[in-house]
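[1] below: sequence and its predicted model.
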Amino acid sequence: MMRGNPLLVFACILLAGLILLALFGAALAPFDPQASNVARALQPPSALHWFGTDHLGRDILSRVMVATRIDLLIAASAVGIAFLLGGPLGVLLGYRGGMLDNAVSRVVDMLMAFPMFVMAMALVAAFGNSVANIVYATALINLPFYIRIARAEAGRQRHSGYVLAARLSGNNHGRIVLAVLLPNILPILLVQMSLNMGWAILNAAGLSFIGLGVRPPMAEWGIMVAEGAAQIAGGRWWPALFPGLALALAVLCFNLLGDGLRDLLDPRQRR
Amino acid sequence: MRLFRSRSAGAWWLYAARRLLAALPILLGVTIFSFVLMRMLPGDPGSYFISGPNAGPAEIQALREHLGLDRSLPEQMLIYGRELLRGELGYSLGSGQPVARDLWIRLPASLELTTVALLLALLISLPLGVAAALRPHSWIDHAARLLSTLSIAMPAFVSGILLIYLFYSKAGWVPAPAGRIDLFIGEPPRITGFLLLDSLLERNAERFSAALAQMILPAATMALFALGPITRITRAGMLASLGSDYIRAARALGLPQSRVVYGYALRNALIPVVTTLGVVISYMLGANVLVEKVFAWPGIGSYALDAAITNDYAPVQGFILIVALLYVLLNLAIDLLYGLIDPRMIDSGTGAP
């Protein structure tokens, strides 16, 4: 199944690496990610410090490894919440149809194209910089995607044979939405989750980068890039480059995964 | 115009007016949203902006009354709405200036950056997408795919910092990433607020090149981020239209290749491109905040960011409203573009396909 799709294989290997780092990053890291040593500040990459050290002399490799957990956790929780709320809601709307469905889908269409990062920025500014608030803000701006997709699919499938059969054998509407339609739409939603993971990672790191997300001294890729940005003018590239690359690789992984899964699900859309 | 040969001008205006009306509810929604959101801020600006040693509860209360914070929320909302209709966006507590004025001064910086970046992205991605679709699985197709994959995965703030490192710190080809123009050269007299345009109007080559030098890196950063989606959709749209019956008919009639590709295939491929363009520009409005921070660009994004960090309500509200307004205008422009590309849209009156 995976043969002939080397990109999907590559994405799966990357994913395995990311999950490994998220679970055991702290144990695998060669140094304490918070241990500062001003005497060894801003050392370029060497045999001892593979990714160099930052302005406080902390080992960048260790910090990049440890940060995997918080970055993936924020993105996964946000996408999970958006899916759990948006999926059933979208199915319900698509199954029922009617005025409410029309109204909600108009709102969702408008929200989809609104500059969502601005929305997330305002939300986190309003409710305060905490990990929970970043998760909620990111979840909220992901919500429209799930409502829209679930609604469109449910609307298309509600008259299909298996739904009618379930109705005829005495299932109520609630059961049809949750136990009959939702599982059949799950694969499409999963593809969307994978694509949104990349976006959610970018969003959370972007918020931290502008100072509206996770706070220092916590090791997080967006903060590390922001701290590294201060060193760039002085020609020191390593404090910003490595966390930036980690971010890009994580986003790339989920994007390729989503593309690959979509190709598997629907070979007609294969480019 | 040739495109409207068979249409009456009235139908077109009716279409435009209907699209404009359909866009109004979002402005109302965003206004209420931003108002309610900003009033939920945990910090009290009354106590935030009085931090002098002599400030007692009485002074804080006086400031709260001055700002209208002692009234009920619906009352505040009504006052806010009335002020908005008069073009008042309130005062920034940070700068002490009216927010409308601050935003008006800073808006051209953001618009100029976004426009230049978009033009740059289109200049590269449209030909690249067409070339990739004309020769699928060739080296150029693979290059286009690689570029768009990287462009989508790379955070704008990371690519911006890397560009600064390469072209400022290392090569020294561009001036320091701070602002829109070298302070010693100074801004041209403000006509449009677009420095490139104003310095051209002034026929001042030195100012033009100074503004251009500051513009290159931030514009390239934003363009890099817009490249991916546009290239992808151009390629997909071209592949679809090149494979269609009317292209086969055009070829069978012996039309020259350039006429087939640019006259027929590209025009039909443009509709999905324009749709994507709307989403990309809308994301660029959001990414502006990040890019403006990286390059110390004095636009509306960095203004709102500074305000958001210091619990300054009015600038953040004003920023959200102005982005919403830009977004509405953008969607209107896109709907009208649909009408230009495909006159059938005017008849159906629905805009987006």
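    Nice, thanks for sending it over.
[2] which positions in the stretch 151-300 of chain B make contact with chain A?
    Neighbours of chain A within the stretch 151-300 of chain B, by C-beta under 8 Å from any C-beta of the partner chain: B:152-155, B:157-158, B:161-162, B:164-165, B:168-170, B:176, B:235-236, B:239, B:278-279, B:282-283, B:285-287, B:289-290, B:293-294. Every C-beta, even on glycine, is put in place using the N, C-alpha and C of the backbone.
[3] tell me which of these fall in strands.
    Among these, DSSP state E puts none in strands.
[4] only the buried subset of these, as a PyMOL command please.
    The following PyMOL line selects those of these that are buried, judged by 16 or more other C-beta atoms under 10 Å in any protein chain shown:
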select buried, chain B and resi 152+153+154+155+157+158+161+162+164+165+168+169+235+236+239+278+282+283+285+286+287+289+290+293+294
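[5] could you pull out the helices for the stretch 51-200 of chain A?
    Along the stretch 51-200 of chain A, counting by DSSP state H, counting those that start in this stretch, helices occupy A:60-96, A:98-113, A:116-127, A:131-157, A:161-168, A:173-175, A:182-209.
[6] any idea of the mean pLDDT for the third one?
    Mean pLDDT, computed over helix A:116-127, is 81.
[7] mind giving me the packing neighbours of that helix?
    helix A:131-157, helix A:182-209, helix B:9-39, helix B:266-294, helix B:300-309, helix B:313-341 (3 or more C-beta pairs under 8 Å, 6 or more residues apart in numbering or on different chains; DSSP states H and E).
[8] and with 7 Å instead?
    If contacts are counted by 3 or more C-beta pairs under 7 Å, 6 or more residues apart in numbering or on different chains; DSSP states H and E, helix A:116-127 sits against helix A:131-157, helix A:182-209, helix B:9-39, helix B:266-294, helix B:313-341.
[9] what's the burial count for residue A:162?
    11 (other C-beta atoms under 10 Å in any protein chain shown).
[10] sorry, slip of the keys, the one I care about is residue A:46.
    10.
[11] of all the helices and strands packed on helix A:116-127, which lies closest to residue B:184?
    Proximity to residue B:184 (C-beta to C-beta) singles out helix B:266-294 among those, at 22.3 Å.
[12] pLDDT value on residue A:243, please?
    pLDDT, residue A:243: 92.
[13] I'd say it and residue A:65 touch.
    No: using C-beta atoms under 7 Å, residue A:243 is not in contact with residue A:65, being 10.6 Å away.
[14] more neighbours, those two?
    Of the pair residue A:243 and residue A:65, residue A:243 is the one with more neighbours under other C-beta under 10 Å, namely 29 against 25.
[15] gap between the nearest residue to residue B:230 once chain neighbours are set aside and residue A:260?
    Of all residues not flanking residue B:230 in the chain, residue B:125 sits nearest, at 4.0 Å (C-beta to C-beta, 6 or more residues apart in numbering or on different chains). Applying C-beta to C-beta, to the nearest Å, the value for residue B:125 to residue A:260 is 23 Å.
[16] quick one, which of those two is more surrounded?
    Counted by other C-beta under 10 Å, residue B:125 and residue A:260 do not tie: residue B:125 has more neighbours, with 28 against 22.
[17] now name the helix or strand holding the more buried one.
    Using DSSP states H and E, residue B:125 sits in helix B:99-134.
[18] by contact count, what packs against that helix?
    With 3+ C-beta pairs under 7 Å, 6+ apart as the test, helix B:99-134 has helix B:139-153, helix B:205-242, helix B:266-294, helix B:300-309, helix B:313-341 packed against it.
[19] in the second one, what's buried?
    Translated: helix B:205-242. Of all the residues in helix B:205-242, those buried under the rule 16+ other C-beta under 10 Å are B:207-208, B:210-212, B:214-239, B:241-242.
[20] how about low-confidence regions in the chain?
    Reading this off chain A. A:1-4, A:113, A:266-271 (pLDDT under 70).
[21] should've been chain B
    Using pLDDT under 70, chain B drops low at B:1-9, B:37-56, B:63-64, B:66-69, B:345-353.
[22] which residue lies nearest the spatial centre of it?
    residue B:285 (3.6 Å; C-alpha atoms, centre = their mean).
[23] ok, it - contacts?
    A:115, B:323, B:326-327 (C-beta atoms under 7 Å, 6 or more residues apart in numbering or on different chains).
[24] can you rerun that using 8 Å?
    A:115, A:118, B:114, B:323, B:326-327 (C-beta atoms under 8 Å, 6 or more residues apart in numbering or on different chains).
[25] chain B contacts on the stretch 1-150 of chain A?
    So the stretch 1-150 of chain A meets chain B at A:107, A:110, A:112-119, A:121-123, A:125-128 (C-beta under 8 Å from any C-beta).
[26] repeat the analysis, applying 6 Å as the threshold.
    Residues of the stretch 1-150 of chain A lying near chain B by C-beta under 6 Å from any C-beta of the partner chain: A:110, A:113-115, A:117-118, A:122, A:125-126, A:128.
[27] filter these to the buried ones?
    Buried among the residues of the stretch 1-150 of chain A next to chain B (16+ other C-beta under 10 Å): A:110, A:113-115, A:117-118, A:122, A:125-126.
[28] so the residue nearest to residue B:230 makes contact with residue B:228?
    No: assessed by C-beta atoms under 6 Å, residue B:125 is found out of contact with residue B:228, at 8.1 Å.
[29] and residue 245, how many neighbours?
    By default, I'm working from chain A. 17.
[30] I was after chain B.
    7.
[31] how close does it get to chain A?
    19 Å (C-beta to the nearest C-beta, to the nearest Å).
[32] what's the spacing between that residue and residue B:234?
    Counting by C-beta to C-beta - residue B:245 and residue B:234 are separated by 21 Å.
[33] buried residues in stretch A:36-55?
    A:36, A:42-43, A:45, A:49, A:51-54.
[34] what does that stretch rub up against?
    With contact meaning C-beta atoms under 6 Å, 6 or more residues apart in numbering or on different chains, stretch A:36-55 is reached by A:56-61, A:236, A:238-239, A:242.
[35] let's see it at 8 Å
    By C-beta under 8 Å, 6+ apart, the list of residues contacting stretch A:36-55 reads A:31, A:56-61, A:63-64, A:224, A:227-228, A:230-231, A:236, A:238-239, A:242.
[36] got a quick PyMOL command for the buried subset of the residues you listed?
    To isolate the buried members of the contacts of stretch A:36-55 in PyMOL, using 16+ other C-beta under 10 Å:
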select buried, chain A and resi 31+56+57+58+59+60+61+63+64+224+227+228+231+236+238+239+242
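[37] how big is the angle separating the helix holding residue B:125 from helix B:139-153?
    Counting by axes from the mean of the first three to the mean of the last three C-alpha atoms, to 10 degrees, helix B:99-134 lies at 150 degrees to helix B:139-153.
[38] give me the distance between the two termini of stretch B:123-142.
    From its first residue to its last, stretch B:123-142 covers 19 Å (C-alpha to C-alpha, to the nearest Å).
[39] what sits up against that stretch?
    B:143-145, B:147, B:223, B:226-227, B:230-239, B:242, B:261, B:266, B:269, B:273.
[40] I'm done for today, thanks for sticking with me.
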